[in-house]
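Participant: sequence and predicted structure below; questions after.
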Amino acid sequence: MADKPKRITDIGAPHFSKFLPPVIKKNYGKWKYHEQINKGTMKHVSETGDELYTVRMASPRLVSTDYIREVCDIAEKFSGGHLRFTTRNNIEFFPDKAQVDPLQAELKKRGHLVGGIGYGISNVVHTQGWIHCHTPATDASGVVKAVMDELHEYFTTKSLPARVRIALACCLNMCGAVHCSDIAILGIHRKPPKVNEATIANQCEIPTTIASCPTGAISPNPALKSVKIKEERCMYCGNCYTMCPSLPIANATGDGISIYVGGKVSNARGPARMSKLAIPFLPNNPPRWPEVVQAVKHLVEVYAKNAHKHERVGEWIERIGWERFFTLTGIPFTHMHIDDFTFARETFRMTPTFKWE
Amino acid sequence: MADKPKRITDIGAPHFSKFLPPVIKKNYGKWKYHEQINKGTMKHVSETGDELYTVRMASPRLVSTDYIREVCDIAEKFSGGHLRFTTRNNIEFFPDKAQVDPLQAELKKRGHLVGGIGYGISNVVHTQGWIHCHTPATDASGVVKAVMDELHEYFTTKSLPARVRIALACCLNMCGAVHCSDIAILGIHRKPPKVNEATIANQCEIPTTIASCPTGAISPNPALKSVKIKEERCMYCGNCYTMCPSLPIANATGDGISIYVGGKVSNARGPARMSKLAIPFLPNNPPRWPEVVQAVKHLVEVYAKNAHKHERVGEWIERIGWERFFTLTGIPFTHMHIDDFTFARETFRMTPTFKWE
Amino acid sequence: MSKDSKTPMLDDLEKGVWPSFVKEIKKAAVKSNTAQDLLNILERSYRDKVTHWKHGGIVGVLGYGGGVIGRYCDLPEEYPGVAHFHTVRINQPAGFYYTASALRELMDIWDKYGSGLTNFHGSTGDLVLLGTQTDKLEAIFAEITAKGWDLGGSGSCLRTPSCCAGMSRCEFACIDSMEICDTLTHKFQDELHRPAFPYKFKIKVSGCANDCTAAVARADLSIIGTWRDSIQMDQAEVKNYSTKMNIQTEIVDMCPTKCMSFDNGTLKINNKDCNRCMHCINQMPKALRPGKEKGATIMLGGKAPIVTGALMSWVILPFMKLEPPFDNLEALIRKLWEWWDDHGKNRERIGELVDRLGMRSMLESTGLPPVPQMVKAPRSNPYVFWSADDVK
Amino acid sequence: MSKDSKTPMLDDLEKGVWPSFVKEIKKAAVKSNTAQDLLNILERSYRDKVTHWKHGGIVGVLGYGGGVIGRYCDLPEEYPGVAHFHTVRINQPAGFYYTASALRELMDIWDKYGSGLTNFHGSTGDLVLLGTQTDKLEAIFAEITAKGWDLGGSGSCLRTPSCCAGMSRCEFACIDSMEICDTLTHKFQDELHRPAFPYKFKIKVSGCANDCTAAVARADLSIIGTWRDSIQMDQAEVKNYSTKMNIQTEIVDMCPTKCMSFDNGTLKINNKDCNRCMHCINQMPKALRPGKEKGATIMLGGKAPIVTGALMSWVILPFMKLEPPFDNLEALIRKLWEWWDDHGKNRERIGELVDRLGMRSMLESTGLPPVPQMVKAPRSNPYVFWSADDVK
Ligand code: SRM
Ligand code: SRM
Ligand code: SRM
Ligand code: SRM
Ligand code: SF4
Ligand code: SF4
Ligand code: SF4
Ligand code: SF4
Ligand code: SF4
Ligand code: SF4
Ligand code: SF4
Ligand code: SF4
């Protein structure tokens, strides 16, 4: 094992200029316009007349060191040793014009998926799930893999009326920040935590645990130096478990997935908005979560069939109205769909104007 | 004094059929369309071909028995002894076609204002104020009189882009239900109630008084069988005073008027909506409240100048944006305009899309 | 009668073209000390910029819990005429129609026992008689009932229902708002006169979405007429209107659902998309009329701000057919009251209770199915409750 | 290494065209027991339908309070390779640009000390190294810092800022998102490595309202590029686009402020009404460009649902010019933190604090003036607070 070099701290990340391709350095801040050449390639043109080609490929995000070495090989061969990752975890290369086709060929040969640019489905922002977290209600990588095995054509070839951003979070902490996605896949618990009386006294700080509950379902149980949980008040957010390991909430039958739709963060045409509940619950059915895959596919197809060009999922739904959305998708509307948290009243329809279906 | 007739109870109101003019009885439910003839007259035509003429006049709502006798005289002379009041406290007569002009002449001769129909300003829904209530922050009838002395032409002759509904409530109880008016004149207190230690113990029920506070500003003061008021938590709603006479809140310098705009209850074009704060405070300046009169007049004129036809005040503001509203009216935007009650977050602008002014 | 009768501030409000309430008080004052002292104490309030009325004590008539608002002034020595100044709420006839003769009878009674001042009408809808004394109440009650009138509501009871002119005078009426109002008033006499609710409950009936009674803002239960089928059209009349207005910009472009088109003289409506906002019908009543399959949308919860903030009523039942005797409506209202009685706290309006417990509790106990029409949009927050038997 | 290495469920996820994370784990497993046992315990979770990870204990490197997430499995005997399975967060370079050589160095270090598994990138933006043991942390830290890298944030501190590609590759960039991100990262090293806040604080920078970093949803402080003047237009290019798209229906009709018109070949924009949503520019980048007077809108409060419900950031400053060294931005952020430190409860995000105390407290202590751009609409509820000196 290497002998320890002397300690360096607080240096932050290296400055990005170390990593920029020359053409970007030269034209930094001078880009004039861009053109999408195909689903995997776009061209940016500078005021100087210089051109920058970007070829994008999908990554599973959870990758091995050898995978990174492989993309490094590719970058060195086609992209001057430069590459970048996108905010949705795709990988981008910057070949010269002449290298665009050879690069795409090479990527395909190696079994990589080229695409993700423009109107379609790009990579799925997701989280840790059973790979590395203690609070998940479902897995992340596995669900994403199953869904995209079905929808990959929207990444590589097929277009949609607009971008459809799919994100997954494996619990209500929403590390994927799914709350503003066109289609959000959200892991949920459905059973209250069980108090582990044996450990709670020395594992947990009772006051902070009680304070952590959004609905005030937790009260002290001084006798046992423990807490009581009013089960009918619990909506299984898991925040108490985050604070206190003695309140495990994961449960094989209770846990599963809910689907929210219609969110966005861009402000094009309409403002950023949150996703709304479409499907309250689908079971965890590893390894391929068929119910979830079918549900997402169905939503994408109904949207593709009915939305106007440039209309995001949420913009489409707001134009036709939620009542029409439930009619078109055939998704049953239930008590779960009606908000009952603090701001519920803001969601009530305070007008007799609506569509019959 | 008359000798008591035997006791009759629970008979409810007389059935309206006793009071309907013959033409209405005959054509009840058969009306086909209507035409506005002038600001004080409209004609309804029935499927039977019958016609009903309605002539409308303003009433101060607070009227003497002799006033009612006078309108009865008029009704008997021109309207077969029939008349009705509107939901905004105007009075309607139903003359034959031939009697429409003579009736209008007679009404004008007697000094009544004919109008209130169609796009303009109708009567002002209002409340008791200093005439008959114990919680007002301003008077009602006096403010209405002062405002309408200035704006009466919008009742009798001038049109506006759409109906402008003005309502007044003399305290936050909002008996005028002003919260959905184009222009709402709302009496407000601005100083916390003073605890009357002498009387509270036997006048008030402490628990209900504490519970009545929306912001939890009231806490018990067991020593004195009284309550304490956290003044910085009080927003002067007066609800504790409603519950407890020993918490008087009226104050000559603290009390005054605030103006809310852009509400409506009809659903034409857009849904019903609540009024929003335009002017946080104007002083009580009896008998004519000049600051309030000018403010309302200014709002009406800016609206008249800028709104599209059929656009209610709120529809106009939402088209141009609130930032533009404050620019056009020159009303300063203050901390008071930003909501800080339970649902405040729903009013925050969660998008970078806005107008500069 | 108090000697100081100089009222300069109020006198100023006799000037100006808008009808003057001060003139009215003065007319009454000619015959009534009460009215005269009202004038005097009001002038005093104009000077002091505060009210001189105290909390109302409980006053009323035998066997009734409401209908009279007790009122006392805080300066009885100076203004003895208004030491007592109670108001009597008389239940108005549905639609506010009267005959001169009926009104004269009421006015005569009021001159006999009261200040001679009235409100036509109170905000809830009552015919309000302003200013009398406790000892006159039974006599007033006896005389008005003898003439066929009754008191309206006050306190924690059903308040006097009110409605728009509806079918009596309006072509837009999709329900018989006046008949519904009158029927409910009579079905619920006990609930109206004997406060037994957690708090007040108001019913208002509007014949269409124009909501001329402001039901959505002012009633716990708002009944709004609508139709299920297609708008009735007369293309010939459309053409006539097209000579008087710009149908494209004033109607088609302003249609909130963009479900209309106007091409070379013919108007098309995609009724499936229409949300029945009334705008096009309002502007072209001769050409467009509501559909034929009529009924009402039932909405719940409207109220003023106290305590948790103002609410407008929201949809709890998209469509209900409403034919006399309206038993279906009565049954629904009774179920709502039962649920409210079971769960409501003191002074908690029904809308606040739904807000506190969630719609599910109310819907399940009234048997109303959840539908998307009840919400602007489904929930965005993921805090969803599951009943044990949902989770298998 | 655990004997049971049969992973039928996961093996199924090697099939299909989408890149397989299982293949990646297996690649790593060739060299690493940790990776092999991750595969095994994950298969176990697929069978059991629950996670097998326990709460992370506090682990880290000397002098830092964050950057490592401690993780332990609940079946260490069966899966000894993942008894410890900590992740190391490495602060990514702004814009996620790398060179192959730099990445190879990092990968070599990671193969030496860790599972050989990574996330490119974590949701916050860090380069995440997944799975190592406590005793390796100092060595890893020493080697990555020697190569010029540092740890990212975790815990109640400033989290690793991130940004969009901005000026490096995007014609829409109104601010230098990457330079801003890098500058803030270095200005705030202490706040990033040594948790001293009530809770986590995230900063994301997007060069325009398209918000390619999802800053509005995912950052407590969202910095969004915009412009104050007029959209730059090239009518000739507009004409070219008009042969490829329907400018009327795709652009003009979709403009949210209806401030555009397209008549016989010329596009007009009423820039006073434009809200800079980006739609028209997005669709016609060759013809339309952001204005020249550029800067950023500063927004506050974005976060996930826990505890009071999800928030999207809202406007607290409509326009700020942003030029290096961005001291004005630094000063504002420090003022926000000061206010948050003074008033925030433990685990209360800054957005929740504003929600609890009201905007006024935050605005007054940061010196930001209230403007209508901060709200969709003014308050409708009349519960207005007045300070004693407001009331004279
Ligand atoms: C590379 C990337 C930024 C980065 O620093 O990594 C990026 C790059 C571009 N975005 Fe983006 N966006 C990127 C994430 C996003 C995100 C964030 C997200 O998805 O989490 C959004 C917000 C999505 C949302 O609203 O939920 C986003 C919303 C947009 C939009 C607005 C789309 C809309 O109409 O709502 C545009 C404009 C457009 O599409 O015309 C845009 C346009 C662009 C352009 C065309 C800008 C340009 O001229 O370079 C870039 C190529 C677009 C493309 O991928 O088709 N980009 N873009 C990100 C690529 C993610 C990926 O791998 O797919
Ligand atoms: C008489 C009255 C009903 C009653 O039972 O007393 C009534 C009667 C009519 N209303 Fe109304 N409305 C009456 C109060 C209301 C109210 C309630 C209120 O003001 O408190 C509203 C809701 C106002 C709001 O949205 O804030 C109301 C909103 C409408 C509308 C919708 C206006 C809009 O575009 O928003 C129409 C349709 C129109 O104006 O074209 C309408 C149309 C009508 C028509 C034309 C219906 C008809 O064909 O008979 C009637 C004559 C209109 C007029 O006065 O110009 N009526 N109308 C009320 C007269 C009040 C008054 O004295 O001025
Ligand atoms: C007389 C009247 C105002 C008027 O000048 O017309 C009135 C007068 C009073 N209202 Fe009201 N309300 C009147 C219609 C309303 C309305 C409008 C409506 O009913 O359409 C509302 C708003 C709708 C609602 O109910 O929310 C209304 C909302 C209130 C509230 C607030 C209730 C709430 O839940 O927010 C209070 C406070 C309370 O109930 O303690 C209140 C309380 C009062 C009290 C009893 C004062 C009190 O706190 O004890 C007032 C007695 C004044 C007096 O001495 O005459 N009044 N009150 C109206 C009744 C006349 C009638 O019967 O026709
Ligand atoms: C690794 C990562 C997910 C991923 O796979 O990428 C992650 C993983 C965890 N997040 Fe997160 N969060 C991650 C980005 C986010 C994001 C998205 C973002 O930052 O853009 C969010 C939503 C935005 C936000 O901050 O609100 C997010 C919202 C949360 C929350 C909810 C916070 C809230 O106020 O609502 C928690 C719960 C907590 O803080 O106790 C949380 C807590 C956690 C913990 C530490 C679990 C816990 O309760 O202790 C997870 C550790 C998993 C592990 O063992 O690795 N994580 N977390 C992301 C960080 C990687 C990186 O540094 O780049
Ligand atoms: S979303 Fe929940 S389960 Fe998933 S990584 Fe974040 S905290 Fe862990
Ligand atoms: S899971 Fe959430 S709602 Fe349930 S008790 Fe824990 S903190 Fe409260
Ligand atoms: S609004 Fe307030 S002050 Fe005015 S009548 Fe109603 S309760 Fe009394
Ligand atoms: S006036 Fe309102 S806010 Fe103030 S103490 Fe009384 S109830 Fe509370
Ligand atoms: S509510 Fe509708 S039906 Fe009733 S009067 Fe108004 S317009 Fe006519
Ligand atoms: S009623 Fe309203 S929604 Fe329906 S067609 Fe007419 S304008 Fe459009
Ligand atoms: S946010 Fe704007 S500037 Fe940044 S990459 Fe996206 S489009 Fe370009
Ligand atoms: S940027 Fe948006 S608002 Fe501005 S002109 Fe273009 S489309 Fe319209």
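Facilitator: Okay, I see it. Ligands and ions are numbered 1, 2, ... in the order given.
Participant: how much space between the residue nearest to residue A:157 when sequence neighbours are not counted and ligand 10?
Facilitator: Nearest residue to residue A:157, sequence neighbours excluded (CB to CB, 6 or more residues apart in numbering or on different chains): residue A:39, at 6.3 Å. All C-beta atoms are positioned from the backbone trio N, CA, C, and that covers glycine. According to CB to the nearest ligand atom, to the nearest Å, residue A:39 stands 39 Å off from ligand 10.
Participant: and stretch C:188-208, which residues are buried?
Facilitator: Across stretch C:188-208, burial judged by 16 or more other CB atoms under 10 Å in any protein chain shown covers C:188-189, C:191-195, C:197-208.
Participant: now, these that are in helices?
Facilitator: In helices, defined here by DSSP state H, the members of the buried residues of stretch C:188-208 are C:189, C:191, C:192, C:193.
Participant: related to what we said a few turns ago, out of the buried residues of stretch C:188-208, which touch ligand 9?
Facilitator: Residues of the buried residues of stretch C:188-208 in contact with ligand 9 (CB under 6 Å from any ligand atom): C:206, C:207, C:208.
Participant: now do the second one, the pLDDT please.
Facilitator: Listed pLDDT for residue C:207 reads 98.
Participant: quick one, phi psi at residue C:101?
Facilitator: Backbone geometry at residue C:101, expressed as degrees, to the nearest 10, gives phi -60, psi -40.
Participant: repeat for the one 5 residues further on
Facilitator: Phi and psi for residue C:106, reported as degrees, to the nearest 10, are phi -70, psi -40.
Participant: so how far is residue C:88 from it?
Facilitator: Relative to residue C:88, residue C:106 is positioned 11 Å away (CB to CB, to the nearest Å).
Participant: what do you get for residue C:274?
Facilitator: Separation of residue C:274 from residue C:88 (CB to CB): 46 Å.
Participant: compare these two and say which is more crowded by neighbours.
Facilitator: Under the neighbour definition other CB atoms under 10 Å in any protein chain shown, residue C:274 and residue C:88 were set side by side, and residue C:88 has more, 29 against 21.
Participant: part of a helix, is that one?
Facilitator: No. Secondary structure of residue C:88, determined by DSSP: H, G, I helix; E, B strand; the rest coil: strand, with no helix assignment.
Participant: hmm, stretch A:349-357 in reach of ligand 10?
Facilitator: No. For stretch A:349-357 and ligand 10, the contact criterion (CB under 6 Å from any ligand atom) is not met; the two come no nearer than 7.3 Å.
Participant: returning to what we had before: redo the ones in helices among the buried residues of stretch C:188-208 as JSON lines? Include distance to residue C:129 and pLDDT.
Facilitator: Listed next are these as JSON lines, based on distance: CB to CB, whole Å; pLDDT from 0 to 100:
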{"residue": "C:189", "distance to residue C:129": "20", "pLDDT": "98"}
{"residue": "C:191", "distance to residue C:129": "23", "pLDDT": "98"}
{"residue": "C:192", "distance to residue C:129": "18", "pLDDT": "98"}
{"residue": "C:193", "distance to residue C:129": "17", "pLDDT": "98"}
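Participant: can I get these in CSV including distance to residue A:356?
Facilitator: CSV is the format used below for those (distance: CB to CB, whole Å):
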residue, distance to residue A:356
C:189, 36
C:191, 33
C:192, 34
C:193, 39
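Participant: ok, back up a step: show me the contacts for the residue nearest to residue A:157.
Facilitator: If a contact means CB atoms under 8 Å, 6 or more residues apart in numbering or on different chains, then residue A:39 has A:114, A:115, A:116, A:117, A:118, A:120, A:155, A:156, A:157, A:159 as its contacts.
Participant: quick one: neighbours of the fourth one, just the number.
Facilitator: Other residues near residue A:117 number 22, with proximity taken as other CB under 10 Å.
Participant: repeat for the second one
Facilitator: Other residues within reach of residue A:115 by the criterion other CB under 10 Å amount to 26.
Participant: and for the fifth one?
Facilitator: Burial of residue A:118 is recorded as 16 neighbouring residues (other CB under 10 Å).
Participant: next up, the contacts around it.
Facilitator: Applying CB under 8 Å, 6+ apart as the definition, the contact partners of residue A:118 turn out to be A:36, A:39, A:42, A:159, A:163.
Participant: can you report phi and psi for the fourth one?
Facilitator: Read that as residue A:159. Here the main-chain torsion angles of residue A:159 (degrees, to the nearest 10) amount to phi -100, psi 170.
Participant: quick check: pLDDT value at it.
Facilitator: Predicted confidence (pLDDT) for residue A:159: 97.
Participant: residues touching it, list them.
Facilitator: When contacts are counted by CB under 8 Å, 6+ apart, residue A:159 touches A:39, A:118, A:119, A:120.
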